[in-house]
Structures are given as structure tokens and as C-alpha cells.
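Chemist: Model the structure of this input:
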Amino acid sequence: MAHWPDGDALAGQVALAMAERGDRAVILIDGPSGAGKSTLADALVAAWPGNVRPVLVRLDEIYPGWDGLEAASLAVTEDLLKPYRAGRAAGWRRFDWTTGRPAEWHDVDPVHPLVVEGCGSLSAANAFQSDVRVWVRADDAVRKYRALARDGATFADHWDQWQRQWTDWCLREDPQSWATLQLST
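Modeler: Predicted structure coming up:
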């Protein structure tokens, strides 16, 4: 993860979490669309220091539509993080963007480390269920370019709608304040 600013700081925090939690460390990666959360999560999973590979959960697969940021965050709290921390069966339900309906359930074995990335992963409720909390930020023009290059016209039609929802979410939850590490891309 050397190509990431403060990649060493993130590696150190993950190592500390692993020392405290063993293979049950929970890392949350949040920030606005296009900031680089997915890329960071992929790099973190690829460079994971433990013997047991983490499960990667992306909120993009959970949001129940373009107005679903808050619902996805709550689902992560109730269906994934709380049961995971209690050592019980945990998981998440994929949302099928094509049909506009909930799809299959994905079990998460509580013996694996967990990396959750996406807008809304870092809430007050989720902060208390995690070990490392990363806030990723980037210049607004760069973020929009990246997000639209990634998702094309589909996201372009909903960019303003998502941004309003994201802004409201940040005002309510103040996710950046819960971060144990902040990275700029």
C-alpha cells in the first residue's frame, strides 16, 4: 500500500487492531463518491497481514436504490456489525439494481476479519462496532470525474440526488469525526 498517502499509518492501525482482535478486526472505509474508497479497500485486502483473509463488503451492493444511503448504513449496523461483534451469524442482502428489488443474502463468517467500504459505512453506531475507521477524501472535481468515469451515464443522471443525500448524511452523522485515520487521494 506504499502508493497511498499515509499507507504506513493505515498498515500500523490494522496491525494494532489485529493484535487486539486477532482475526476479528473490523475496518470501515468511508468518504464521498469517487474519493478512492473501493481502490483503498482492494489494496488493503490484497496486502492483509493476517493468515485469515478478510471479507470485503461494499455498500454499493447494499444501497436499496439512489435514496438508500441511510437504509444501507442501518442494515450494516443491524445485520452485519452487531451480530458479527457478538460472534453470531452475520451478513448482508444484495440489492438488485436491475430489478429494483432485494436479492440474495450473503453470510459473513464471524471468524474472518471484515472490511466494509462505502458512503455511509462510518456512522456513530458503526464506529463503536469497528477497530479502524478510515476517511478518504479527494478534490470535488476529481471525485466527480472518477465516479462518472466508473459508473457512466447511470450515475450522471443521479449525481445531484446522491450528493444532496450524502451532504444531509454528513450533517447528521459527522462521519469524518469518527475516523481514526484520514487519507487524501
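Chemist: for this protein, what helix or strand is lowest in average pLDDT?
Modeler: helix 7-21 (a mean of 72; mean pLDDT, DSSP states H and E).
Chemist: Could you list the low-confidence segments of this structure?
Modeler: Residue ranges of the chain with pLDDT under 70: 1-8, 19.
Chemist: Can you tell me the centre-most residue of it?
Modeler: Central residue of the chain (Cα atoms, centre = their mean): Glu117, 1.5 Å from the mean position.
Chemist: Past the least confident helix or strand of the chain, which element shows up next along the chain?
Modeler: Of the helices and strands lying after helix 7-21 in sequence (DSSP states H and E), the nearest is strand 26-30.
Chemist: could you check the angle helix 7-21 makes with that following strand?
Modeler: If you take axes from the mean of the first three to the mean of the last three Cα atoms, to 10 degrees, strand 26-30 sits at 150 degrees to helix 7-21.
Chemist: Which neighbouring elements make contact with the following helix or strand past strand 26-30?
Modeler: Beyond strand 26-30 on the C-terminal side, the first helix or strand identified by DSSP H and E is helix 37-46. Judged by 3 or more Cβ pairs under 8 Å, 6 or more residues apart in numbering; DSSP states H and E, helix 37-46 is in contact with strand 26-30, strand 55-58, strand 114-117, strand 132-137. The way it works is simple: take the backbone N, C-alpha and C, and place the C-beta from them, glycine included.
Chemist: could I get these as a markdown table with distance to Pro49?
Modeler: As requested, the helices and strands packed on helix 37-46 are exported to a markdown table (distance: least, Cβ to Cβ, whole Å):
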| stretch | distance to Pro49 |
| --- | --- |
| strand 26-30 | 12 |
| strand 55-58 | 15 |
| strand 114-117 | 13 |
| strand 132-137 | 12 |
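Chemist: on that earlier part again, so in terms of bridging, what pairs with the residue nearest to the centre of the chain?
Modeler: Ile29, Arg58 (DSSP bridges).
Chemist: wait, what's in contact with it?
Modeler: Applying Cβ atoms under 8 Å, 6 or more residues apart in numbering, we find Glu117 in contact with Leu28, Ile29, Asp30, Lys37, Ser38, Leu40, Ala41, Leu56, Val57, Arg58, Leu59.
Chemist: how about those in JSON lines, adding neighbour count?
Modeler: Converted to JSON lines, the contacts of Glu117 look like this (neighbours: other Cβ atoms under 10 Å):
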{"residue": "Leu28", "neighbour count": "30"}
{"residue": "Ile29", "neighbour count": "30"}
{"residue": "Asp30", "neighbour count": "29"}
{"residue": "Lys37", "neighbour count": "27"}
{"residue": "Ser38", "neighbour count": "19"}
{"residue": "Leu40", "neighbour count": "23"}
{"residue": "Ala41", "neighbour count": "23"}
{"residue": "Leu56", "neighbour count": "18"}
{"residue": "Val57", "neighbour count": "24"}
{"residue": "Arg58", "neighbour count": "19"}
{"residue": "Leu59", "neighbour count": "24"}
